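Enquirer: mind folding the following:
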Amino acid sequence: MADGQRTTRKYELRRRADAMNETRRRITEAAISLHAKVGPARTTIADIAALAGVQRHTVYRHFPTETDLLRACSSEYWQRHPWPDVTAWRAIASPGERTTTALGDLYSFYGSVERMLANTLRDSDQVIEVKESLATFRVYMNTVCEALTVDRTPAANGRTLLLAAVRHATAFGTWRSLVRDSGLDVTAAVDLMSSFIDSVAKRSAAH
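Expert: Residues are numbered from 1 along each chain as shown. Okay, the predicted model is just below:
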């Protein structure tokens, strides 16, 4: 094969690869958009194909199973919206200040991913792949609880109470209840839950 033919061949292969990557990107973007709008359980391959401007068989060519597509969407979305850094909170010596900082970061984050997280949590009991994708989220929340209780040392029977308080305060549902349902701003919600945790911590230490 002549050098010119090789160059042309390489160009054609690269252009084909670029086109495939662009199609895959459009499919992923369409799926993410629909998951945020209606939720994974209510998103169909036909809807994704229509929004991406491709045929259904094209979706399946890039993502042979819905699990493949869901994993790609989940990975892409959470790379763009990383969870707050627990390591940064651990560097804060004061338990009270650490709690306030963590809740502020978490509550602000919840506001930025509200639609996607709400739909994902809602659909986790309906779609096994969605439930599996939340495993990382549950591990993260356990790490959050550990970081906010590590140097609060209540008696053994008080530890359960303190953990329950921290889990409640850091939960997405608590943020929605305070901010969306009750109309508190983030600062007021953080102050309320920080005071709640401090109160429970003092009570737990006394038991």
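Enquirer: which pLDDT value belongs to residue 134?
Expert: We note a pLDDT of 84 for residue 134 in this prediction.
Enquirer: quick check on the nearest residue to it once chain neighbours are set aside: phi, psi?
Expert: Excluding its sequence neighbours, the residue lying closest to residue 134 (CB to CB, 6 or more residues apart in numbering) is residue 124, at 5.5 Å. (C-beta placed from N, C-alpha, C; glycine too.) Main-chain dihedrals, residue 124, degrees, to the nearest 10: phi -60, psi -30.
Enquirer: which residue lies closest in space to residue 67, excluding its sequence neighbours?
Expert: Nearest residue to residue 67, sequence neighbours excluded (CB to CB, 6+ apart): residue 129, at 4.8 Å.
Enquirer: who are the contact partners of the one you found?
Expert: Applying CB atoms under 8 Å, 6 or more residues apart in numbering to residue 129 gives the contacts 40, 66-67, 70-71.
Enquirer: kindly report the same for residue 109.
Expert: Residue 109 sits next to 81, 83-84 when contact means CB under 8 Å, 6+ apart.
Enquirer: next one: residue 174
Expert: Contacts of residue 174 by CB under 8 Å, 6+ apart are 168, 193.
Enquirer: what mean pLDDT does the helix or strand where it lies get?
Expert: Taking DSSP states H and E as the criterion, residue 174 maps to helix 172-175. Across helix 172-175, the average pLDDT comes to 98.
Enquirer: thanks again, I'm all set now.
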